[in-house]
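Q: coordinates only, sequence not included:
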């Protein structure tokens, strides 16, 4: 089946710094990638949708200057959390759309802790 | 508007069968997906229905009725490792958007 790799799995950073999370589709081309965050025992919350070569579309309430998304190629999207604060600590998940049936496949997720 | 409903929580016994329902009201329809998510992990793809009927994959089956806006995921011979959240997602008519349901947290008891 289609594979989406997300890196890093765990990251701890200091308040005020920036951290980048990568999402790669390993065996298919993903025209669209999605970024979510999820708090414990809560549903996925879509943050933004990114299409290769164009600007990401952010959901209402998500700060585009804080959560920078770059989708430079058909296999790579990155999420950069800028000037991180403790309240940004969360589980961030990417997904990529493509493969058989034009399905969404998820990356492994990244746990971000801001101290 | 877009709306997907699932029961919040369900409990079942090891070895039993459980059915998780999903109802949807979306702007068009172009496929329904089921995902499994264990605590602290990302969702994994389980099944995909675009036509009415039952799709079977081992212990898991998924059913779709487009006229009723209804799907269910059927899990047979439950195992402890099946304790997880199950997410229903609908792709809209133009295939541009996926809308996820809130998820159903299933607990399998010995």
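A: Thanks, I have it. Fair warning: this is a prediction, and the values are worked out from it, not measured in the lab.

Q: please count neighbours and contacts with C-alpha atoms only from this point.
A: Noted.

Q: for the residue of chain B positioned farthest from its centre, what are its contacts?
A: Relative to the mean C-alpha coordinate of chain B, counting by Cα atoms, centre = their mean, the farthest residue is residue B:110 (22.8 Å). Contact partners of residue B:110, counting by Cα atoms under 8 Å, 6 or more residues apart in numbering or on different chains, are B:13-14, B:80.

Q: closest one of those residues to residue A:107?
A: residue B:80 (24.0 Å; Cα to Cα).

Q: contacts only, for that closest one.
A: Applying Cα under 8 Å, 6+ apart, we find residue B:80 in contact with B:14, B:108-110.

Q: can you list the strands that the helix-or-strand element of chain B with minimal mean pLDDT pairs with?
A: Of all the helices and strands that make up chain B, strand B:98-100 has the lowest average by mean pLDDT, DSSP states H and E, namely a mean of 85. Paired strands of strand B:98-100, with direction, are strand B:84-91 (antiparallel) (DSSP bridges).

Q: looking at the partner strand now, give me its mean pLDDT.
A: Strand B:84-91 carries an average pLDDT of 94.

Q: point out where the chain drops to low pLDDT.
A: Going with chain A. A:1 (pLDDT under 70).

Q: to clarify, I was referring to chain B.
A: B:1, B:94-96.

Q: how about the residues of it near chain A?
A: Residues of chain B lying close to chain A by Cα under 8 Å from any Cα of the partner chain are B:39-45, B:100, B:102-103.

Q: just the buried residues of those.
A: B:41-45, B:100, B:102-103 (16 or more other Cα atoms under 10 Å in any protein chain shown).

Q: what's the strand ranked longest in chain A packed up against?
A: Among the segments of chain A that qualify as a strand by DSSP state E, the longest is strand A:90-98. Contact analysis of strand A:90-98 by 3 or more Cα pairs under 8 Å, 6 or more residues apart in numbering or on different chains; DSSP states H and E lists strand A:4-7, strand A:19-25, strand A:32-38, strand A:103-106, strand A:110-114 as its packing neighbours.

Q: export those strands to TSV and append columns for mean neighbour count.
A: Formatted as TSV, the helices and strands packed on strand A:90-98 follow (neighbours: other Cα atoms under 10 Å in any protein chain shown):
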stretch	mean neighbour count
strand A:4-7	21
strand A:19-25	22
strand A:32-38	22
strand A:103-106	24
strand A:110-114	21
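
Q: out of these, the one nearest chain B is which?
A: strand A:103-106 (6.2 Å; Cα to the nearest Cα).

Q: starting at the chain centroid, how far to that closest one?
A: Distance, stretch centre to chain centre, for strand A:103-106: 13 Å (Cα atoms, centre = their mean, to the nearest Å).

Q: so what strands line up beside it?
A: In the sheet, strand A:103-106 lines up with strand A:90-98 (antiparallel) (DSSP bridges).

Q: now do the longest strand of chain A and strand A:19-25, the angle between them.
A: 30 degrees (axes from the mean of the first three to the mean of the last three Cα atoms, to 10 degrees).

Q: now do strand A:90-98: distance to the chain's middle.
A: Its chain's C-alpha centre and that of strand A:90-98 lie 5 Å apart, by Cα atoms, centre = their mean.

Q: what's the answer for stretch A:51-68, then?
A: Centre-to-centre, stretch A:51-68 and its host chain are 11 Å apart (Cα atoms, centre = their mean).

Q: what are the buried residues along it?
A: A:51-52, A:56, A:58, A:64, A:67-68.

Q: nearest to residue B:8, of the residues you listed?
A: For those, the nearest to residue B:8 is residue A:58 (27.3 Å; Cα to Cα).
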